[in-house]
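1. Let me see the structure of the following:
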Amino acid sequence: MARRSEQRRAAAFALYQADVTARSISDTLPRDASLFTRSLAHAADDLRDELDEHIARHSEGWTLARIAPLEKAIMRTALVEMLHPDAVPADTPIPPEGAIEEAVKTAKTYAAAQAAGFVNGILAAVLRETRQNQPR
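-> Below is the predicted model of the structure:
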């Protein structure tokens, strides 16, 4: 079985491919995708509007349409684990900081040079907002 980081990357790539080709997530997921990868990709697709609201609210000076599809896919998968950890099967859920770290690492490897900082900034802002709005 692939490492969780590889499974997260596969989910992000499936979302990206679905976004740019207008195919369904089911069509873009690898045939051998794990339950975790499938669940993460489908959850991100199902929650797209909510996740995009978070991304748009924190992407100062950028409209959602200007953000590269791969960067959006990477952020959407991280946001699912940050905001909806019960949406994906996991023996031990990743902490929000871990989801951000994985997303930044993927962006550094596969996206434009400035993407990692952009992804980190948006996800960190969402995490701050979420923690500020939690009851104490």
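
2. Okay, the most centrally placed residue in the chain and Glu60: tell me how far apart.
-> Compute the mean C-alpha point of the chain, and by Cα atoms, centre = their mean the closest residue is Thr77, 2.1 Å away. In this view, Thr77 and Glu60 are 22 Å apart by Cβ to Cβ, to the nearest Å. (Glycine included, C-beta is placed from N, CA and C.)

3. Which residues are in contact with Asp74?
-> Just to correct that, residue 74 is Ile rather than Asp. Ala12, Ala103, Thr106, Ala107, Tyr110, Ala111, Val119 (Cβ atoms under 8 Å, 6 or more residues apart in numbering).

4. one more time with 10 Å
-> Residues in contact with Ile74 (Cβ atoms under 10 Å, 6 or more residues apart in numbering) are 8-9, 11-13, 15-16, 68, 102-107, 110-111, 115-116, 119, 123.

5. Are any of those buried, and if so which?
-> 8-9, 11-13, 15-16, 102-107, 111, 115-116, 119, 123 (16 or more other Cβ atoms under 10 Å).

6. pLDDT below threshold where in this protein?
-> 1, 136 (pLDDT under 70).
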